[in-house]
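Colleague: Any chance you could fold what I've pasted below:
(one chain, ligands or ions: 1)
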Amino acid sequence: MATTTPAGAWEGLEPKLSNQILDAVSTMGFSDMTPVQSGAIPLFMKNKDVVVEAVTGSGKTLSFLIPILEKIHRRQDKLQPSEVGAIVISPTRELATQISRVLSEFEPFLPTIRHQLLIGGETSLEEDIATFREVHPDILIGTPGRLEDILSQKRGGVNVKELEVLVLDEADRLLDMGFTLSLNKIMSMLPKQRRTGLFSATMTDGLHELVRAGLRNPVRIVVKVEDLVGGGGQRTPAS
Ligand SMILES: Nc1ncnc2c1ncn2[C@@H]1O[C@H](COP(=O)(O)OP(=O)(O)OP(=O)(O)O)[C@@H](O)[C@H]1O
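Modeller: This is a model prediction of the structure:
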């Protein structure tokens, strides 16, 4: 990324990242974090909810995928076949697919952590349920409609009682596209003691409402275009 000012080496993060994750990011060719990554990853790992306002191309994807992978990797009681540890909600099939691709790059380093893409379109709900039973994913990445469908079906077999992390990616677009009800429905099905991260390019009134409904004392991280060239993001309480 040409415009991003490096924001520190991955090895310097506190709490420390696992060797498998350090090896994965190094294989991806990333020696330093971007400002959004150095801001969001430690907070998420320290069990804070985060609201991240960051422009496109700031490196948001790894800033939520890495804490998700760390939390699942570090669990003492491993997730049971029907249990999922994290859900990422994205407004479009393309974006969800892109996140799934980035997550796949970690697979050689963390082969026991599996994920499933739930976006509708090419697969029916029945097929997605069959894949869930076969793959036993730990992480679900999807669009609101199909995620809501599979979570609301008893026969879907998805157990969210151990879920630790929910991510709402491109949250401004999720609301613009009319997914508010679906998001509220999904959130109502998830454990309250989870961590939630909301990522968005802009903060609108509707988003403040969603933050109030779905997040607990979140820390806000703002990364503007000038931060990408000048370095550093700001942190302020979001509420
Ligand atoms: N630490 C890093 N160092 C260099 N490049 C990185 C780093 N992290 C991510 N990238 C690259 O930066 C690009 C943008 O990252 P990412 O897709 O996460 O950003 P984004 O903010 O989600 O953007 P978009 O809104 O376009 O999805 C990707 O090509 C990614 O591979």
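
Colleague: Let me see the ranges of the strands in the chain.
Modeller: 50-54, 86-89, 115-118, 139-142, 165-168, 195-200, 219-223, 234-237 (DSSP state E).

Colleague: wait, which of those is closest to the ligand?
Modeller: strand 50-54 (5.9 Å; Cβ to the nearest ligand atom). C-beta here means a position set from N, CA and C on the backbone, and glycine is covered the same way.

Colleague: Show me the strands paired with the closest one, marking each as parallel or antiparallel.
Modeller: strand 195-200 (parallel), strand 219-223 (parallel) (DSSP bridges).

Colleague: How far does that strand sit from its chain's centre?
Modeller: Its chain's C-alpha centre and that of strand 50-54 lie 12 Å apart, by Cα atoms, centre = their mean, to the nearest Å.

Colleague: Please name the nearest non-neighbouring residue to residue 92.
Modeller: residue 143 (6.8 Å; Cβ to Cβ, 6 or more residues apart in numbering).

Colleague: The ligand contacts on this protein?
Modeller: With the criterion set to Cβ under 6 Å from any ligand atom, the chain comes near the ligand through 1, 30, 32-34, 37, 54, 56-62.

Colleague: and those as a markdown table, adding neighbour count and distance to residue 78?
Modeller: Below are the residues of the chain next to the ligand laid out as a markdown table (neighbours: other Cβ atoms under 10 Å; distance: Cβ to Cβ, whole Å):
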| residue | neighbour count | distance to residue 78 |
| --- | --- | --- |
| 1 | 10 | 35 |
| 30 | 16 | 28 |
| 32 | 15 | 32 |
| 33 | 24 | 28 |
| 34 | 27 | 31 |
| 37 | 28 | 27 |
| 54 | 26 | 32 |
| 56 | 8 | 36 |
| 57 | 13 | 35 |
| 58 | 25 | 33 |
| 59 | 20 | 29 |
| 60 | 25 | 28 |
| 61 | 21 | 25 |
| 62 | 25 | 24 |
